[in-house]
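[1] All I have is the shape, not the residue letters:
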């Protein structure tokens, strides 16, 4: 009796299981996209960025606004008036120093003004 066996060529592919196929596909995709970012990592980055922006925006606020100043145009007008008054104080103090007069009252008034209108006097 002769036994007949089918010869398998060297180039024949073996049948892959589902797990092996998915692992091979995943490895292929990872090779194509080495900088793949998961959704969780992207969300963390976005949250960190927005928190940084919120903190930086809070620190930019220099003025204490009155309750009736709400819109951005009103705030802009208010800031400009405060800056103009501040320049007037600087000019007054400089004039007093130029004429060798005491500047104690003017500097005290300026400090009081800054405490009323600025967050950091």
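    Good, I have the coordinates. Predicted, not measured: the structure shown is a model, and the values here were computed from it.
[2] residue boundaries of the helices in this protein?
    If you assign secondary structure with DSSP state H, the helices in the chain sit at 18-32, 39-60, 72-98, 104-117.
[3] State the mean pLDDT of the second one.
    Per-region confidence: helix 39-60 scores 64 on mean pLDDT.
[4] what do you get for the first one?
    For helix 18-32, the mean per-residue pLDDT is 69.
[5] Please apply the same query to the longest one.
    Regarding helix 72-98, the rounded mean pLDDT is 94.
[6] what's around the residue lying closest to residue 68 once chain neighbours are set aside, how many residues?
    Taking CB to CB, 6 or more residues apart in numbering as the measure, residue 68 lies nearest to residue 74, with 7.9 Å between them; neighbours along the chain are not counted. (Each C-beta comes from the backbone N, C-alpha and C, glycine too.) Neighbourhood size, residue 74 [other CB atoms under 10 Å]: 13.
[7] Against residue 45, how distant is residue 74?
    When distance is defined by CB to CB, to the nearest Å, residue 74 is 36 Å away from residue 45.
[8] one step back: will you turn the helices of the chain into CSV that also has distance to residue 66?
    Formatted as CSV, the entries for these read as follows, by distance: least, CB to CB, whole Å:
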stretch, distance to residue 66
helix 18-32, 59
helix 39-60, 19
helix 72-98, 7
helix 104-117, 10
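[9] Please report how far residue 75 lies from residue 109.
    Using CB to CB, residue 75 is found at 24 Å from residue 109.
[10] can you check residue 76 too?
    For residue 76, the distance to residue 109 - CB to CB - is 25 Å.
[11] ditto for residue 19
    Using CB to CB, residue 19 is found at 81 Å from residue 109.
[12] between those two, which one's more packed in?
    When neighbours are counted by other CB under 10 Å, residue 109 comes out ahead of the other of residue 19 and residue 109, with 13 against 8.
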